[in-house]
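**Student:** sequence and predicted structure are below.
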Amino acid sequence: MDVAVSSDGFVPQVYRVARVHRELPDTVTLELVPPAGPRPPFEPGQFNMLYAFGVGEAAISISGDRREQEAFVHTVREVGAVSAAITRLEKGAAIGLRGPFGTNWPMAAAEGADIVFVAGGLGLAPLRPAIYHVLAHRQRYGRVVVLFGSRHPAELLYRHELEHWRQRLDVDVEVTVDHADADWRGNVGVVPALIPRVAFDPRETVAMVCGPEVMMRFTVGALRQAGVSAQRIHVSMERNMKCAIGLCGHCQFGPGFVCKDGPVMRFDRIAGIFAVREA
């Protein structure tokens, strides 16, 4: 299949699925390689538009390590026709890709600060490149906290990686579930409730938050109550992105567009419209 290259960002290039790893019954992680050479560079927090041929296109956050230059890594959950088609792809299959697009987590600006990552459900995927970056440059940051919540133990994303991070002495990892089973020995409850239980200096903390919007609203409230300023809280707003270049208007968010002004946004800049529910 010929590779389409477009300077306007509309036409996808054809990538190949190099590896498929099933994370959960409805969730897979795909490694996507370009037809030649290394993949384009990206920053933690950015996304690509993935095109399932004959079905449609969806915005999917990049969830891999930017130091690995051969492939884009995307974790995709089946929530609609496009994502369902993507999760059914097998090794060697073709997929269209445009990107990377969007804003990124403030990795350079956060150097020297304590870092608090808060993720709910699939929200751990967009945060994972930032976590990789911090762990790879651990000496540049203060305390590092990873808080992750899931509805059920069986739905925990990246379970083995969480265990690996938990074994490190320089990272504080706390995991909670809404509903425990008989084998669960960890925290039970919503992820914002973990914030008062971990140590960080709120005056010197940068928080990065991604998950369902209701979870992010309560997480921001808990961080603010703990003393973290709105200017130091960053959230990923992945609403209705369709074109990725600000033309279609589907992702308009106040005066801006999520695909161009986000998905990563500083909370103080969107606080006035953050509570407006997605249409």
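**Tutor:** Here it is on my side, so go on. For clarity, every value in this text was computed on a predicted model and none was experimentally measured.
**Student:** any stretches of the stretch 1-150 of the chain with poor pLDDT?
**Tutor:** 1-9 (pLDDT under 70).
**Student:** so which residues of it form helices?
**Tutor:** Remark: helices assigned in the stretch 1-150 of the chain by DSSP state H, counting those that start in this stretch are 81-87, 124-136.
**Student:** most packed of these?
**Tutor:** helix 124-136 (a mean of 22; mean count of other Cβ atoms under 10 Å). From N, CA and C alone the C-beta is placed, and that goes for glycine too.
**Student:** save the helices of the stretch 1-150 of the chain as TSV, and put in distance to residue 44 too.
**Tutor:** As requested, these are exported to TSV (distance: least, Cβ to Cβ, whole Å):
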stretch	distance to residue 44
helix 81-87	21
helix 124-136	4
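**Student:** tell me how the protein divides into domains.
**Tutor:** Per automatic domain parsing, the structural domains of the chain span 13-101, 114-274.
**Student:** start and end of the first one, how far apart?
**Tutor:** This points to domain 13-101. With Cα to Cα, to the nearest Å applied, domain 13-101 spans 14 Å between its terminal residues.
**Student:** try stretch 76-83
**Tutor:** End-to-end for stretch 76-83, by Cα to Cα: 7 Å.
**Student:** for residue 166, list the residues it contacts.
**Tutor:** Residue 166 makes contacts with residue 173, as judged by Cβ atoms under 8 Å, 6 or more residues apart in numbering.
**Student:** circling back to that earlier point, among the helices of the stretch 1-150 of the chain, which comes closest to residue 66?
**Tutor:** Closest to residue 66 of the helices of the stretch 1-150 of the chain, according to Cβ to Cβ: helix 124-136, at 5.9 Å.
**Student:** next one: that closest one to chain centre, how far?
**Tutor:** With Cα atoms, centre = their mean, to the nearest Å as the basis, helix 124-136 stands 9 Å off its chain's centre.
**Student:** mind giving me the packing neighbours of it?
**Tutor:** strand 72-77, strand 114-120, strand 144-150, helix 159-167, strand 205-210 (3 or more Cβ pairs under 8 Å, 6 or more residues apart in numbering; DSSP states H and E).
**Student:** what comes up buried for the fourth one?
**Tutor:** For helix 159-167, the buried set under the neighbour-count rule, 16 or more other Cβ atoms under 10 Å, comprises 162, 165.
**Student:** state the distance from residue 236 to residue 125.
**Tutor:** Per Cβ to Cβ, to the nearest Å, residue 236 is found 10 Å from residue 125.
**Student:** name the residues contacting each of the two.
**Tutor:** What both residue 236 and residue 125 touch, as defined by Cβ under 8 Å, 6+ apart, is the set residue 61.
**Student:** can you put the domains of the chain in a markdown table and add distance to residue 107?
**Tutor:** Putting these into a markdown table (distance: least, Cβ to Cβ, whole Å) gives the following:
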| stretch | distance to residue 107 |
| --- | --- |
| domain 13-101 | 6 |
| domain 114-274 | 5 |
